[in-house]
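**Student:** sequence and predicted model, in that order:
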Number of protein chains: 2
Amino acid sequence: MNLLPILAPATDEACCASAGAPALGAEEAKQKALVFKALADPNRLRLLSIVKAEASGESCVCDLTEPLDLGQPTVSHHLKILVDAGLLHREKRGTWAYYSLVPGALDDVARILANL
Amino acid sequence: MNLLPILAPATDEACCASAGAPALGAEEAKQKALVFKALADPNRLRLLSIVKAEASGESCVCDLTEPLDLGQPTVSHHLKILVDAGLLHREKRGTWAYYSLVPGALDDVARILANL
DNA sequence: CCCTTATATTGATGATTATCAATGTTGGGG
DNA sequence: CCCCAACATTGATAATCATCAATATAAGGG
């Protein structure tokens, strides 16, 4: 759970910009693929987009169920996958659950691409 | 086939930086998800990484089969998916097929993330 | 022409996944 | 304490996918 923080270059002997990357190791690739798996679904992309577009920075499940035309359990399932991937943050207030973008998470994914 | 070029903001009324994005439409999301689907496999990430790391900028299938410990048909299958996603370019010279990164393709994916 | 080598395609199979219906859980009001 | 609303979890099902074995294609050399 919460993958993105761990995805720095596994053997960060130096620091930046994919120094002398000896191609991607099997385990490393498996971890990074998990983040892209989370992004590899149209409805999850739309969820991220809606949450990002919200002025308050957060959305509750009830606001996300209708625009996607999906059942509530399905939306909850997708949200869990996005949270587990480290892309969304979940905060429960009262009966509602509020989801917001994890700051910098999408940038981290972009960095994975740049350092492939 | 060849998805990335089409993935500019579907309704590009202005130009840049996800102007007033009204969240992601269903069809738009479906298209963009295809690119992430291509990236959502450890072996495909490794393929991209190996091709990118190659000094010559290209690799033939025979160079890719061994490091992944996969059968040749499986590697060909993964390569086709990456080509169809617009990430890799295929050039046949003689008996060999040479695969190379499509210039700017990974940057385009990063832009998709930034403009979600 | 045949043979060999490199790669692609096909068909089948087991694993993963998206979705829903049903049920469980949690928190706030009466 | 009971009920209702919001959300999560479970179980089942159909679809998608990764992989391989077998076969097809294509190109170069004898």
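**Tutor:** Received, thanks.
**Student:** let me see the contact set for the most centrally placed residue in chain A.
**Tutor:** For chain A, A:Leu87 is the residue whose C-alpha lies nearest the centre (Cα atoms, centre = their mean; 2.4 Å). Shown in contact with A:Leu87 (Cβ atoms under 8 Å, 6 or more residues apart in numbering or on different chains): A:4, A:35, A:38-39, A:48, A:101-102, A:105-106, A:109. Just so you know, the C-beta spots here come from the backbone N, C-alpha and C atoms, and that holds for glycine as well.
**Student:** report the mean per-residue pLDDT for the helix or strand where A:Asp107 lies.
**Tutor:** Element membership for A:Asp107 (DSSP states H and E) is helix A:105-114. Averaged over helix A:105-114, pLDDT sits at 97.
**Student:** any buried residues in that helix, and which?
**Tutor:** By 16 or more other Cβ atoms under 10 Å in any protein chain shown, the buried positions in helix A:105-114 come out as A:105-106, A:108-113.
**Student:** okay, now A:Lys80: neighbour count?
**Tutor:** 13 (other Cβ atoms under 10 Å in any protein chain shown).
**Student:** residues in contact with the least confident helix or strand in chain A by mean pLDDT?
**Tutor:** Lowest mean confidence among the helices and strands of chain A (mean pLDDT, DSSP states H and E): helix A:61-68, at a mean of 94. Here helix A:61-68 makes contact (Cβ under 8 Å, 6+ apart) with A:43, A:46-47, A:50-51, A:54, A:71-72, A:75-76, A:79, A:96-97, A:99, B:23.
**Student:** ok, 7 Å please
**Tutor:** Applying Cβ atoms under 7 Å, 6 or more residues apart in numbering or on different chains, the external contacts of helix A:61-68 come out as A:43, A:46-47, A:50, A:72, A:75-76, A:79, A:97.
**Student:** which regions of chain A sit below the pLDDT cut-off?
**Tutor:** Applying pLDDT under 70 to chain A flags residues A:1-21.
**Student:** how about the residues of it near DNA strand D?
**Tutor:** A:60-62, A:72-73, A:76-77, A:79-80, A:90, A:95-97 (Cβ under 7 Å from any atom of the strand).
**Student:** narrow the contacts of A:Leu87 to those in helices?
**Tutor:** A:35, A:38-39, A:48, A:105-106, A:109 (DSSP state H).
**Student:** closest one of the residues you listed to B:Glu28?
**Tutor:** Lowest distance from B:Glu28 to these (Cβ to Cβ) belongs to A:Leu48, with 12.9 Å.
**Student:** up against DNA strand C, what does chain A have?
**Tutor:** Residues of chain A lying near DNA strand C (Cβ under 7 Å from any atom of the strand): A:37, A:40-41, A:43, A:70-71, A:73-74, A:77-78, A:81, A:92, A:94-95.
**Student:** ok, and does the helix holding A:Asp107 reach over to chain B?
**Tutor:** Yes - using Cβ under 7 Å from any Cβ of the partner chain, helix A:105-114 reaches chain B at A:106, A:109-110, A:113-114.
**Student:** in the residues you listed, find the pair that's most separated.
**Tutor:** A:Leu106 and A:Ala114 (12.9 Å).
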